[in-house]
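Novice: just a sequence and a predicted model for now, questions to come.
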Amino acid sequence: MFVGDRGYDDIKFMRMIHELNQYFLIRMKNNRWLIFGKDKVKAFDKAKTVKGKVIVPITIYAKERFIKATSFKCKLKDYKEYVWVVISYMDNNPDPLILITNKPLTTKDDIAQMVYRYSSRWRIEEYFRFKKSELGFENFRVKTLDSINNLTFALDIAIMFLTIIIDDESNYLYHELRRYEKCIKENVSIEFYRILSGINTIFGTNKKGVKNYKPIEKRKPKQLTLFKIKDFA
């Protein structure tokens, strides 16, 4: 299933996904028209007339929130297939979150799954935010596409190592890095920031570099020269 923001609310894009026999889940623009038989109404106006029948518990930024959602089937202009619209409200927020999908929604669990799928996008957004703000991804000086791809791949590997440390919470390294973190909140949803903070604190106390940890053994070159080769013939 392709999950996209309002920038993907485009009929041509929906047709393309449908022709590929795939599902889409897109946040709808509030001014899009919904068609019910011969009647049509704007999505935002329709959202104000419905109430959430399904309660979806969800954790965002380490806080438990509740989303009330409901779903109905309709059609869109210039799109011949039926679509299912999910209208949801979070807590007391008066502004609705309107989602649209070509996947049939027949049960309450189907509706809840659509809410969970779209809400999972914020983790991806937070990943890019971490990559830019903490690892300086936007402050690079390479210009070619290959160089940019190599840079982002190297940063992805670094984030992968952080993920390995976080996933194994019982290991010694994880707890040592937690000792030196500079974190305001105890419970967080994404631990990349706190683990990187611990790494920066530890390395920030070192004033002599890596040579202070292990002496570098100096060896003479072993490569033979033309004047030292013995003739064994």
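Specialist: That came in fine, so what should we check first?

Novice: ok, the spatially closest residue to residue 47 that is not a sequence neighbour - contacts?
Specialist: Nearest residue to residue 47, sequence neighbours excluded (CB to CB, 6 or more residues apart in numbering): residue 96, at 4.0 Å. Where you see a C-beta, it was placed from the backbone N, CA and C, and this is true even at glycine. By CB atoms under 8 Å, 6 or more residues apart in numbering, residue 96 lies in contact with 44, 47-48, 87-89.

Novice: tell me the first helix or strand C-terminal of the lowest-mean-pLDDT helix or strand in the chain.
Specialist: Each helix and strand of the chain was given a mean pLDDT (mean pLDDT, DSSP states H and E); the minimum falls on strand 54-60 at a mean of 79. Where DSSP states H and E defines the elements, the next helix or strand beyond strand 54-60 is strand 63-76.

Novice: pull the distance from that following strand to the chain's centre.
Specialist: 21 Å (CA atoms, centre = their mean, to the nearest Å).

Novice: what residues of whatever helix or strand comes next after it count as buried?
Specialist: Next helix or strand after strand 63-76 toward the C-terminus (DSSP H and E): strand 79-90. Neighbour counts over strand 79-90 (16 or more other CB atoms under 10 Å) mark 79, 83-90 as buried.

Novice: quick one: strands adjacent to strand 79-90?
Specialist: strand 63-76 (antiparallel), strand 97-101 (antiparallel) (DSSP bridges).

Novice: for the record, mean pLDDT for that strand?
Specialist: Mean pLDDT, strand 79-90: 90.

Novice: next one: that strand to chain centre, how far?
Specialist: 23 Å.

Novice: the domain parsing of this structure - what is it?
Specialist: Annotated domains of the chain cover 2-119, 125-206 [automatic domain parsing].

Novice: and the residue nearest to residue 74 when sequence neighbours are not counted, how many neighbours does it have?
Specialist: Of all residues not flanking residue 74 in the chain, residue 34 sits nearest, at 4.7 Å (CB to CB, 6+ apart). Neighbours of residue 34 under the rule other CB atoms under 10 Å: 22.

Novice: any weak-confidence spans in the chain?
Specialist: The chain contains residues with pLDDT under 70 at 60-62, 92, 169, 189, 206-217, 221-233.

Novice: what are the boundaries of the helices in it?
Specialist: In the chain, the helices defined using DSSP state H lie at 11-19, 43-47, 108-119, 121-133, 145-167, 172-179, 192-204.

Novice: re the thing from before, and of the strands paired with strand 79-90, who's closest to residue 184?
Specialist: Among the strands paired with strand 79-90, strand 63-76 comes nearest to residue 184, with 14.4 Å by CB to CB.

Novice: residues near the closest residue in space to residue 78 that isn't next to it in sequence, how many?
Specialist: Distances taken as CB to CB, 6+ apart place residue 11 nearest to residue 78, at 5.0 Å, with adjacent residues excluded. Number of residues near residue 11 (other CB under 10 Å) recorded here: 12.
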